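S.K.: Okay, structure incoming, though there's no sequence with it:
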């Protein structure tokens, strides 16, 4: 009888232990299952966030367009419907202004870093090209700096540039020499007949036809890598200024990349001669602390060029982009970047705009 009770008690204990073991196993299984599921979900969410946000995060560091890659319009800036202008907002780095356009998976502008990284590649994400008008109505500014500017005052102020005298007056360079247009794969081309170099050639040719001596330096400043292109271009500019001390104007010719809703935008103006790529003057300042006391002189020239072009070639110009970065614009009192079209334009449209730029600049200089 006693043995039977003991056996029953042991059996009950075994049954209880077995039941508890099943519960623990089930709890362990669900814990592991949901932990794995949670880790997977978090990794997917993190990956998606990084894909959508990494370029915007980097762009938020910009002070060559805007917080979260969007233009912060103010009352004196043309509203262009939240278009991403990725060529206008360069990253802030006070100690080093070695900037570039680096093409990531979303083909956005990011900070160029001096490193042993491999050659930067670019991918076109936008499959469609949308043609539209981004011209400014009047002289307007995209101005993320704390400086106030007045178009009329700048228009009326005299230029600190001497009249043409048969000596070299204008230098044309290309920080990103291989930038090209829609008729080149990924809008890049080492063939200078199809890149922004051809646009610079047309500007120089038009200046020469109108009595202005221009030097066109076709040094490949972005070869073999975008890394160091601004620094290399500064050396190119300084070398030319030493060789031709009469140069007072330096034009750095680029092309833009503009994207909205996964579509490339093609800013275009129509004239009797055909379509032309719309242009944007980009002016560096001393807002980041680098010495550039004469940046308003550069801006004054840009305003005068914009005013002239609006009277002769309406709708060609986008808003003037005033930057916190200095770029290489401290070298003369007539330095600027000119974005001629975007990757959506054709090289023919860009070259036509180059002719208009050259003619406008020649008219201004010949009337000093």
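M.R.: Perfect, I can see it now. Computed from a predicted structure; not experimentally measured.

S.K.: Which parts of this protein are strands?
M.R.: 84-85, 128-132, 141-142, 170-173, 214-216, 249-256, 258-260, 263-271, 274-277, 279-283, 320-322, 335-342 (DSSP state E).

S.K.: Which residues lie in contact with residue 305 in this structure?
M.R.: 281, 357, 360, 361, 364 (CB atoms under 8 Å, 6 or more residues apart in numbering). Using the backbone N, CA and C atoms, a C-beta is placed for each residue, glycine as well.

S.K.: and these, which are buried?
M.R.: 281, 357, 360, 361, 364 (16 or more other CB atoms under 10 Å).

S.K.: was I right about the second one contacting residue 338?
M.R.: Spelled out, it's residue 357. Yes. Counting by CB atoms under 8 Å, residue 357 touches residue 338, with 6.5 Å between them.

S.K.: Can you check which residues contact both of these two?
M.R.: 251, 279.

S.K.: quick one: low-confidence parts of this structure?
M.R.: Scanning the chain with the threshold set as pLDDT under 70 gives 1-22, 24-26, 41-127.

S.K.: Any figure for the gap between residue 162 and residue 273?
M.R.: Relative to residue 273, residue 162 is positioned 32 Å away (CB to CB, to the nearest Å).

S.K.: Of the two, which one has the most company?
M.R.: With neighbours defined as other CB atoms under 10 Å, residue 162 and residue 273 compare such that residue 162 has more, 12 against 9.

S.K.: Quick one: residues contacting the closest residue to that one other than its chain neighbours.
M.R.: Of all residues beyond its chain neighbours, the one nearest residue 162 is residue 248 (6.8 Å), with distances taken as CB to CB, 6 or more residues apart in numbering. Residues counted as contacts of residue 248 (CB under 8 Å, 6+ apart) are 161, 162, 169, 170, 332, 333, 334.

S.K.: do the same with residue 247
M.R.: Contacts of residue 247 (CB under 8 Å, 6+ apart): 168, 169, 170, 171, 215, 240, 241, 332.

S.K.: Domain-wise, how is the chain divided?
M.R.: 1-60, 67-366 (automatic domain parsing).

S.K.: Let me see the contact set for residue 216.
M.R.: 172, 200, 201, 203, 204.

S.K.: Quick check: beta-bridge partners of it?
M.R.: Counting by DSSP bridges, residue 216 is bridged to residue 172.

S.K.: I'd guessed residue 331 sits against residue 235; true?
M.R.: No. Contact criterion CB under 8 Å: residue 331 and residue 235 do not qualify, at 11.0 Å.

S.K.: So for these two, which residue has more residues nearby?
M.R.: residue 331 (18 against 13).

S.K.: The more buried one - nearest residue in space that isn't next to it in sequence?
M.R.: Nearest one to residue 331, counting by CB to CB, 6+ apart, is residue 237 at 5.3 Å.

S.K.: so what's the one you found up against?
M.R.: Residue 237 neighbours (CB under 8 Å, 6+ apart): 171, 173, 250, 328, 331.

S.K.: Turn these into JSON lines, columns for distance to residue 143.
M.R.: Shown next, in JSON lines, are the contacts of residue 237 (distance: CB to CB, whole Å):
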{"residue": "171", "distance to residue 143": "26"}
{"residue": "173", "distance to residue 143": "25"}
{"residue": "250", "distance to residue 143": "22"}
{"residue": "328", "distance to residue 143": "20"}
{"residue": "331", "distance to residue 143": "22"}
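
S.K.: Quick check on the residues you listed: which are buried?
M.R.: 171, 173, 250, 328, 331.

S.K.: can you pull the contacts of the fourth one?
M.R.: The contact partners of residue 328, taken as CB under 8 Å, 6+ apart, are 175, 230, 233, 234, 237, 250, 252, 284, 335.

S.K.: can you rerun that using 10 Å?
M.R.: Contact analysis of residue 328 by CB atoms under 10 Å, 6 or more residues apart in numbering lists 97, 99, 173, 175, 230-231, 233-238, 250, 252, 284, 292, 335, 337.

S.K.: Just the buried subset of those, written out for ChimeraX, thanks.
M.R.: Those of those that count as buried under 16+ other CB under 10 Å are selected in ChimeraX with:
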select :97,99,173,175,230,231,233,234,236,237,250,252,284,292,335,337
